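1. Fold the following, please.
(2 chains)
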2 protein chains.
Amino acid sequence: MSDAETLQSGRRGHGRAAKRAARMAHAAATVPFITRQIPIYEVLNEEGLSLIEQNAETVLEEVGIDFKGDPEALAIWREAGADVREERVHIPRGLCRRIIREHAPATYTQHARNPARSVVMGGKHTVFAPAYGPPFVHDLDRGRRYGTIEDFRNFVKLTYATPWLHHSGGTVCEPVDLPVNKRHLDMVYAHMRYSDKPFMGSVTAPERAADTVAMAEILFGADWIDPATGKPRTVVTSLINANSPLTWDATMLGALKVYARANQANLLTPFILAGAMAPVTVAGSTTLTLAEAMAGVAFTQLVAPSAPVILGSFASSMSMKSGAPTFGTPEPAMVMYAMAALARRLNVPFRAGGAFTASKIPDAQAAYESALTMLPACLAGTNFILHTAGWLEGGLAMGYEKFVMDADQAGMLQTMLNGIDLSENGQAMDAIREVGPGKHFLGCGHTQANFESAFHGSAIADNNSFEQWDAEGRLDQAQRANAQWKRMLQDYEPPPIDPATDDALLDFMARRKAATPDSNV
Amino acid sequence: MSDAETLQSGRRGHGRAAKRAARMAHAAATVPFITRQIPIYEVLNEEGLSLIEQNAETVLEEVGIDFKGDPEALAIWREAGADVREERVHIPRGLCRRIIREHAPATYTQHARNPARSVVMGGKHTVFAPAYGPPFVHDLDRGRRYGTIEDFRNFVKLTYATPWLHHSGGTVCEPVDLPVNKRHLDMVYAHMRYSDKPFMGSVTAPERAADTVAMAEILFGADWIDPATGKPRTVVTSLINANSPLTWDATMLGALKVYARANQANLLTPFILAGAMAPVTVAGSTTLTLAEAMAGVAFTQLVAPSAPVILGSFASSMSMKSGAPTFGTPEPAMVMYAMAALARRLNVPFRAGGAFTASKIPDAQAAYESALTMLPACLAGTNFILHTAGWLEGGLAMGYEKFVMDADQAGMLQTMLNGIDLSENGQAMDAIREVGPGKHFLGCGHTQANFESAFHGSAIADNNSFEQWDAEGRLDQAQRANAQWKRMLQDYEPPPIDPATDDALLDFMARRKAATPDSNV
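-> As a prediction, this is how the structure comes out:
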């Protein structure tokens, strides 16, 4: 935890100033990540958690898990003591847990090129990142359309400008206008150039992961190798999804190995639509998630002991009418609470949550569903919350207005995680004595002294009277968010970058692009 | 707790059937109230809670609290050992707590005229009721306008038809078309006639409280007196608000005394807009809320020992820009968690929460803000959640679409409170064994057997594909809710009532209306 202490030294003292600055949209003055000051919410007791753990061990040993198309992975598992039959790996009870507890770090620092933006993953920390993966984008003016590299850059810029998002994310939308085999270069470059927050790397092929690492090495230059360890600093966290149920595929395993061997972080996530990739029950989905995630995390540690890793969970429920995925329902929240506790028992950082919704537009459905995932994710003690802002349509679309609305909510949640101030000033007994019965606190000294920092205010909520709201054009929240993202893009100024570094990155990309013809696989 | 056991006997066995029935909107088959199966979320530890308690005692003793315009109340306090100076009551440390712990019941049953609808307040139970008090109503067709008795009846009917609302509430909107001094009769009658769920009584004058009790006696007839105690059964719970800071007014005290002496329940609630009626800090607002609520609850027990009572908290924050009340912010949620814990330490039922919002319309702002109060209210272990459905515009308007949307969310929260099924069926190990790696669970026996009851489904969320949503007219959630409340009113059928009872009620009302001229005070 000394990482966190170093990074956050002086944080509490500057909390008020940081808050004020944040309100003025000076992202630079905000904290680089959250340090939770409130207790975690636990939904299962020791008995319940250990029942799930026992069941997950039974799944790994009896049912087994497939590592597909990767003979090296099978050899690694055989070597570690697993019973490998063709591509199915039967892992003896307790083996994954032992490997994880022995080698996987409890926390790690993901360094940003601006050291003031580096984040600590794990422990009492929470890091918010924007949505990941949508092929479409949506805004009120143009509706829904395929994402482009311009949209991608816009969301990197918006994330950079948002004080409540600590991490630039990864595939903030698919830049469908670029060839599949080269777009990762432009995506990684956009994170490096238009933001100085930490970011995620490409996972769609091992060589694209290698490109990400090569560009990171250029970007960090003299800071790439940590002299204390002789290893590269961790500057990329990348998303490795399981092909649930119980399958890890060659593509993901290939990227995983590239990153782990370069000391970059892997985020291992079973992607569970309960009813399709897992049983329809919370306990069954949790069991399968734990089994898959443990096998993935243990595998990273077999590939590269002590390589940074996050244990992830993505859970959704299903419409009983249509079989469509549903979000913001109670069951996935239950999976999150349970999985967060299970990750803590493995002593590794945990990822879950996001502003999930099945809605196509930034309406009340989108908001209810997003809130009913984000708040549980925070209360569960989740360390990395991918998809904090922008997600629409079950992840198929990245919404501009939705992004602004979700990011605003992330500010609420950050304030919530700061907990209750029980100092003398927080207790405010002098104010209560001064005002007494039947009067009001508006003008008292304590209110004046604390007014500016007292409450977290939304930047896009309308709290005015009906009459004023009416006079101002009866806008709904999405319309106010529409004005806000345009303002943010207009006001955007890129963080400085050393021109020589920038040239080297552009030169690397040009050479990589020239080396192979465009392809859409 | 034997009340609860009796009322809920057989409940668990019928859970699945009830759920199915609820989906078919047969309110009759649902549970009459929630019994929480998940842990409570605690935000303060023993040290923090006891600090607030000590401060609240200091406030009551040193600062004192006003009981205004009610000499009898002052005499009661003097008799109890308080130091009364003019209308200010200085209450010795520990006195309120002692009175409450000695006399106030930990739980009580509020009987409904349909015994299957009776609710237990307190303990592990949660009861949802619609919003209370708005002078305006809002719907998508007609916009915002003053409420009428027709609107009032509509909301009583909608609440009756909603399986997730357990309680009919009180002033679901102000029927502004009726004279102030007589409208309580029509409101109470509407709850009695158009619903068979439990309801709230009038508090705007002692004689209106007496009218409520008289009508309850007519409605319950032979069941009015409990032969076991010789006292009236508790069939009304009424909302007694403090005039914060630190003032209880004659009107509310008058109603309180009528209800307490008739063994009817009082819900004592400090109404705190932090920054105006309390300090701008969470700890300060909580201290003041506890002090006021303890004084109110203790007073009910001095008036009528063991009269049923609920300790309430209403907290909102304030816009730092305009001074307007704000909702769905982190600070009021913190007050709720803390107050719920403090009420538990007094061993009395607790009321808080609601689908609060400052938004004028059922948009994303309304949904985010509502969710960020309702979920904390549930996790806090709140027993009575007034304002669960309909609230708009800081409580100034009751929204038809908002009502439907919030009620739908109440179903989500009810499912959440049911917790995780850890039975063999819940663990689903056979399903995991049957399906194995790389296949899917859609067709397996376990999924088939559990499909119908597996996940809670929203009645108004759209989870379909973009193309289907597009083909169906691109409706937002508020538009779907608009169709739903119309359908519900169309399908509404009143619960049966004995015609003689109905005549007696109508006769009572006619006599009371004839006895005095109309007046709007």
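2. Not counting its neighbours along the chain, what's nearest the most centrally placed residue in chain A?
-> Residue closest to the average C-alpha location in chain A (C-alpha atoms, centre = their mean): residue A:386, at 2.3 Å. Using C-beta to C-beta, 6 or more residues apart in numbering or on different chains and skipping residues adjacent in sequence, the residue nearest residue A:386 is residue A:129, 5.0 Å away. In short, each C-beta sits where N, CA and C put it, glycine included.
3. Now do the contacts for the one you found.
-> A:159, A:165-170, A:200, A:384-388 (C-beta atoms under 8 Å, 6 or more residues apart in numbering or on different chains).
4. and if you look at residue A:189?
-> Taking C-beta under 8 Å, 6+ apart, one finds A:215, A:505-506, A:509 in contact with residue A:189.
5. Local confidence estimate at it?
-> Note on residue A:189: pLDDT of 98.
6. Assign it to helix, strand or coil.
-> Assigned with DSSP: H, G, I helix; E, B strand; the rest coil, residue A:189 falls in the helix class.
7. where's whatever residue of the stretch 401-521 of chain A ends up closest to chain B relative to residue B:336, distance?
-> The stretch 401-521 of chain A approaches chain B most closely through residue A:428 (3.1 Å), counting by C-beta to the nearest C-beta. Computed as C-beta to C-beta, to the nearest Å, the residue A:428 to residue B:336 distance reads 18 Å.
8. Counting neighbours, go ahead and name the busier of the two.
-> The neighbour count for residue A:428 versus residue B:336, taken as other C-beta atoms under 10 Å in any protein chain shown, is higher for residue A:428 (30 against 27).
9. okay, now the closest residue in space to that one that isn't next to it in sequence: neighbour count?
-> Of all residues not flanking residue A:428 in the chain, residue B:284 sits nearest, at 3.1 Å (C-beta to C-beta, 6+ apart). Look at residue B:284: counted by other C-beta under 10 Å, it has 29 neighbours.
10. The closest residue to chain B within the stretch 51-200 of chain A in helix, strand or coil?
-> For the stretch 51-200 of chain A and chain B, the shortest gap (C-beta to the nearest C-beta) falls at residue A:66, measuring 4.4 Å. Three-state assignment for residue A:66 (three-state DSSP): strand.
11. quick one on the thing from earlier: just curious, which of the contacts of residue A:189 is nearest to residue B:84?
-> Nearest to residue B:84 among these is residue A:215, at 76.7 Å by C-beta to C-beta.
12. In contact with the closest one, which residues?
-> A:185, A:188-189, A:192, A:505, A:508-509.
13. Please apply the same query to residue A:446.
-> If you count contacts by C-beta under 8 Å, 6+ apart, residue A:446 has them with A:425, A:428, A:430-431, A:434, B:279-280, B:284.
14. where's it, which helix or strand?
-> helix A:445-454 (DSSP states H and E).
15. Buried residues, that helix. List them.
-> For helix A:445-454, burial by neighbour count (16 or more other C-beta atoms under 10 Å in any protein chain shown) applies to A:446-447, A:450, A:453-454.
16. Tell me how far it lies from the chain's centre.
-> For helix A:445-454, the gap between its own C-alpha mean and the chain's C-alpha mean amounts to 34 Å (C-alpha atoms, centre = their mean, to the nearest Å).
17. got the buried residues for the helix or strand following it?
-> Remark: after helix A:445-454, the chain's next helix or strand is helix A:466-471, criterion DSSP H and E. Across helix A:466-471, burial judged by 16+ other C-beta under 10 Å covers A:466, A:469.
18. and whatever helix or strand comes next after helix A:466-471, which residues are buried?
-> Under the assignment DSSP H and E, the closest C-terminal helix or strand after helix A:466-471 is helix A:477-491. For helix A:477-491, the neighbour count (16+ other C-beta under 10 Å) marks A:477-482, A:484-485, A:488 as buried.
19. I am finished for the moment; much appreciated.
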